[in-house]
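Undergrad: Have a look; sequence and predicted model below, questions after that.
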Amino acid sequence: MKFSIIKWIKWIKIIYKKIKKETTIYVDERGYERYGGYDNRLIHRDIAYNYIYKKGYRNGVYTKRFRDYDIHHKDGNKRNNSINNLQILTREEHEEIHNKQRR
Ligand SMILES: [Zn+2]
């Protein structure tokens with residue numbers, strides 16, 4: 001049997017995909033839903049990135065890198081991750097919204 005690094009990489013990729021598929025969702029200590037298991041990405045950021053940011057970036061709506069933006073839950077429910085409840089804002093815009101709500 002010949003040792004092949006390419007074969008190993010293929011196997012790792014298959015296993016990684018399997019783990020990813022099997023991950024569950026949990027709510028973190030701040031009240032946000034995250035993917036459990038292998039990686040703990042925030043679900044609202046994942047959805048905002050794939051369904052809002054990518055298109056907006058192509059159209060020039062967003063000029064910064066995704067990680068420089070905040071994601072706002074319009075209805076205040078951190079677990080409502082539907083596309084139309086999420087809004088991509090700069091940190092300043094986001095702070096402004098929450099400061100207004102507090103007043
Ligand atoms: Zn917010």
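TA: That came through, no problem.
Undergrad: The top helix by length along the chain: how far from the chain's middle?
TA: Secondary structure of the chain per DSSP state H: the longest helix is helix 5-22. Centroid displacement of helix 5-22 relative to its chain, using Cα atoms, centre = their mean, to the nearest Å, is 22 Å.
Undergrad: Same question for stretch 49-66.
TA: Averaged C-alpha coordinates place stretch 49-66 at 13 Å from its chain's average position (Cα atoms, centre = their mean).
Undergrad: Look at Ile52 and tell me its secondary structure.
TA: Secondary structure assignment for Ile52 (DSSP: H, G, I helix; E, B strand; the rest coil): helix.
Undergrad: Mind exporting the C-alpha coordinates of the lowest-mean-pLDDT helix or strand in the chain to PDB?
TA: Lowest on mean pLDDT, DSSP states H and E among the helices and strands of the chain sits helix 5-22, with a mean of 82. Taking Å, rounded to 0.1, in the frame of the first residue of the first chain, the C-alpha atoms of helix 5-22 are listed here in PDB:
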ATOM      1  CA  ILE A   5      -1.000  12.500   1.200                       C
ATOM      2  CA  ILE A   6      -3.700  13.300  -1.400                       C
ATOM      3  CA  LYS A   7      -5.700  10.400  -0.300                       C
ATOM      4  CA  TRP A   8      -5.400  11.500   3.300                       C
ATOM      5  CA  ILE A   9      -6.600  15.000   2.500                       C
ATOM      6  CA  LYS A  10      -9.600  13.500   0.700                       C
ATOM      7  CA  TRP A  11     -10.500  11.500   3.700                       C
ATOM      8  CA  ILE A  12     -10.100  14.400   6.000                       C
ATOM      9  CA  LYS A  13     -12.400  16.500   3.800                       C
ATOM     10  CA  ILE A  14     -15.100  13.800   3.800                       C
ATOM     11  CA  ILE A  15     -14.900  13.400   7.500                       C
ATOM     12  CA  TYR A  16     -15.100  17.200   8.000                       C
ATOM     13  CA  LYS A  17     -18.200  17.400   5.800                       C
ATOM     14  CA  LYS A  18     -19.800  14.600   7.700                       C
ATOM     15  CA  ILE A  19     -19.200  16.300  11.000                       C
ATOM     16  CA  LYS A  20     -20.400  19.600   9.700                       C
ATOM     17  CA  LYS A  21     -23.600  18.000   8.500                       C
ATOM     18  CA  GLU A  22     -24.200  16.400  11.800                       C
END
